[in-house]
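In: Can you look at this prediction? I've put the sequence above it.
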Amino acid sequence: MTEKLRMAQYGTKHGHAQGVLQVMIDHPEVEVVGIFEPDAARREQVENSNEWNQVDFVDSPDAFLDDPSVVCVASEGANKESLGFTAEIVAASKHVFYDKPAGDDYQRFEHVVEQARAQNTMLQMGYMFRKHDGFERIANWARSGFLGHIFQIRAHMSTWLPERNPEGVQTGKEGVAHFKGGVMYDLGGHMLDQVVWILGRPNKVSRFFQNSASETRDMMDNTLGVFEYSNAIATVDIAALEARPMARRFEVYGTKGSAIMEPFEPADTIKLTLEEDQGDYKKGISIIKIEDRARYVDTFAELVRNIKGESEPLRTLDHELLVQETLMRVTGGLAS
C-alpha cells in the first residue's frame, strides 16, 4: 500500500475552508494530521462541530510546520489573514493549497511565490473552475483557435451575501467591505483566472464600483471590471445582491464561433455557435451537455499528483502572479 501524503490545514475562516477540508479527508492518498485556528473563539465554535471534528485541532502551527513528514498545508484563513499564513507555510518549505484571493499586498505575494519557486515547492491557488468541464472545454476551444480570433469575453459571477458576518467569519458584507474592491476582490479572481488564461495580461484595466443596496456603506456590492487588450475586450461583473439561484454566466466570442455557458453552477450545457462545420460539431448552434463536477475535488487531486511527480501543475506560478496582479489592478491595489 502506498504511503499517504501527510497534510494539514491552517485556518478555518475562509468561506471554502470546510469544503476543502472534506476534500482532503476524502482523498484516499492523503492523511490530514491537524488543523490550527489562531482565534480561540473561532476554534471553540468549530472544534466540536460535526463538520470539523474529523481532524484534531493543534495548539500551534509549528505542530505541522516543523514536522518534516507533513508535505502540504491548505491555507484557509480569512482574506485578511491568509497571505500571512501562506508566507509561513512556504517559509517552512511546504507545498501549499492557497484559497483565493492572494491577499491585498501584491509585492508580498510576489515574494512568497518567488520563494516557492526557488525551493521548488508547489503553490496552487484555490480557483475552483480549472477542472470544471465547461470552463475546460471553452478555454481549450479559445486557446486552440477553434473559435477563431477571440475578441470578447463576458463573465458574470454574482452572489448573495448577508449584511452581517456569520458567526466566526468575515464572509458577510461587513467583512467583505474591509477590502475596497468589495465583492470584486472576493470573487473576481475566479473569473480573471479564466480570462487571463485565454487572453493574457490586459493592457488597460478600468473599474466601475458602487454601493447599490447594502447597509454597510463602504461595501462595493455592484462591480464591473473592463479589461482592454490590443485586439479584445473582457468584462467581469459581480454583485453581492443577486436573487438565488444566481444566473452565473461565461461567454467567449471569436471570429469563427462563440461559446455561452449559463449557469456554470450547477453546470448543465454550453451553447456553441459555429460559422462552419468544425471537427465533431456542425455549423450553427449546438447545445452541448457538460458534467457537473464537485468543487475542489479534481483540482486538489491534481495537486496531489503534482506533489507525487505524476503530473505538471495546471497553471504556472507566473499565471498565479498574473491573476493576482490583474485582480489588484481592477480593485485599486496596483496601478491600472
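Out: It's in. Owing to the predicted nature of the structure, the values given are computational and were not obtained by experimental measurement.
In: Low-confidence ranges, the stretch 201-336 of the chain, go.
Out: For the stretch 201-336 of the chain, applying pLDDT under 70 flags no range at all.
In: Sketch out the strands for it, chain order is fine.
Out: Using DSSP state E, counting those that start in this stretch, the strands of the stretch 201-336 of the chain run over residues 204-210, 222-228, 233-239, 249-254, 257-261, 269-274, 284-289.
In: what number of residues lie near L21?
Out: Using other C-beta atoms under 10 Å, L21 has 22 neighbouring residues. Quick note: C-beta positions are derived from backbone N, CA and C, even for glycine.
In: Is it in a helix, a strand, or coil?
Out: helix (DSSP: H, G, I helix; E, B strand; the rest coil).
In: Ok, E88 next?
Out: helix.
In: who are the neighbours in contact with it?
Out: By C-beta atoms under 8 Å, 6 or more residues apart in numbering, the contact list for E88 reads 10, 61, 65.
In: So which of the residues you listed wins on neighbours?
Out: Y10 (28 neighbours).
In: for it, phi and psi?
Out: Main-chain torsions, Y10, degrees, to the nearest 10: phi -110, psi 100.
In: Identify the bridge partners of it.
Out: With DSSP bridges as the criterion, Y10 is bridged to F36, S75.
In: Could you tell me how far it is located from S75?
Out: Between Y10 and S75 the computed distance is 5 Å (C-beta to C-beta, to the nearest Å).
In: what is in contact with those two at once?
Out: Common neighbours of Y10 and S75 (C-beta under 8 Å, 6+ apart) are 85, 89.
In: CA atoms only for the helix or strand hosting Y185, dumped as CSV, please.
Out: Y185 is part of helix 182-199 when elements are defined by DSSP states H and E. Extracted C-alpha coordinates of helix 182-199, given in CSV (Å, rounded to 0.1, in the frame of the first residue of the first chain):
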residue,chain,number,x,y,z
GLY,A,182,-15.7,44.7,-2.2
VAL,A,183,-17.3,41.7,-3.9
MET,A,184,-15.0,42.1,-6.9
TYR,A,185,-12.0,41.5,-4.6
ASP,A,186,-13.7,38.5,-3.0
LEU,A,187,-14.8,36.7,-6.2
GLY,A,188,-13.2,38.4,-9.2
GLY,A,189,-10.2,36.1,-9.2
HIS,A,190,-12.3,33.1,-10.2
MET,A,191,-13.2,34.8,-13.5
LEU,A,192,-9.9,36.5,-14.0
ASP,A,193,-8.2,33.1,-13.7
GLN,A,194,-10.2,32.1,-16.9
VAL,A,195,-9.9,35.5,-18.7
VAL,A,196,-6.1,35.8,-18.5
TRP,A,197,-5.7,32.1,-19.2
ILE,A,198,-7.3,32.8,-22.6
LEU,A,199,-6.2,36.4,-23.3
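In: who does it touch, helix- and strand-wise?
Out: Counting by 3 or more C-beta pairs under 8 Å, 6 or more residues apart in numbering; DSSP states H and E, the packing neighbours recorded for helix 182-199 are helix 133-144, strand 150-156, helix 173-176, strand 204-210, strand 222-228, strand 233-239, strand 249-254, helix 317-331.
In: Please tabulate these in TSV and include mean neighbour count and distance to V297 as additional columns.
Out: Shown next, in TSV, are those (neighbours: other C-beta atoms under 10 Å; distance: least, C-beta to C-beta, whole Å):
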stretch	mean neighbour count	distance to V297
helix 133-144	19	12
strand 150-156	20	23
helix 173-176	24	26
strand 204-210	16	32
strand 222-228	21	29
strand 233-239	23	24
strand 249-254	21	20
helix 317-331	22	20
